[in-house]
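Undergrad: Can you look at this prediction? I've put the sequence above it.
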Amino acid sequence: MGNGCFSDYAGSDGVVFRRTRCRENICEDQGRGAPLSNALMWAGHPGYTKIRLEDSHYFASCNNNLVWPDESFEVIELDELDFTMREPIVVPLCWE
C-alpha cells in the first residue's frame, strides 16, 4: 500500500491513532496500476476489535475509503477538515 497514511496491519490490537491527519490520497494509476488498497487512508487489521482512531482529520479523499475493516476499530473519531501540512521533522544523526 503506497498511498495510505496510517496502518495497524502489522501491529497489535489496541493501537491508538490520536490526532492523526491524512489528505489527498491517490485513486489513479501512477504507472503500476490502480491502488489495490482502493486508496485506503487508515488500515486496521482483520480480527482486531480494539483499534482507536481519536481526534483525527482527513481532507480531499478521492473516494471516501477512510477506514478498513470497520469492525477492527473500537472508536472512529474522524472529521473532514482542510489543513496545512506540517513541516517534516529533521533529526541530525551522530554519523552525519
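TA: Yep, that arrived. Residues are numbered from 1 along each chain as shown.
Undergrad: quick one: low-confidence ranges for this protein?
TA: 1-2 (pLDDT under 70).
Undergrad: just so I have it, where are all the strands in the chain?
TA: 6-7, 16-18, 21-23, 42-43, 51-59, 67-68, 73-80 (DSSP state E).
Undergrad: For the second one, which strands pair with it and how are they oriented?
TA: Spelled out, it's strand 16-18. Strand pairing for strand 16-18, determined by DSSP bridges: strand 51-59 (parallel).
Undergrad: So what touches the strand it pairs with?
TA: For strand 51-59, the external contacting residues (C-beta atoms under 8 Å, 6 or more residues apart in numbering) are 8, 13-24, 41-42, 44-45, 66-67, 72-83. Every C-beta, even on glycine, is put in place using the N, C-alpha and C of the backbone.
Undergrad: Could you pick out the buried ones from those?
TA: 8, 15, 17, 20-23, 41-42, 44-45, 66-67, 72-73, 76, 78 (16 or more other C-beta atoms under 10 Å).
Undergrad: circling back to that earlier point, looking at the strands of the chain, which is closest to Val90?
TA: Val90 lies closest, by C-beta to C-beta, to one member of the strands of the chain: strand 21-23, at 19.2 Å.
Undergrad: Summarise which helices and strands the closest one is packed against.
TA: Contacts defined by 3 or more C-beta pairs under 8 Å, 6 or more residues apart in numbering; DSSP states H and E place strand 21-23 against strand 51-59.
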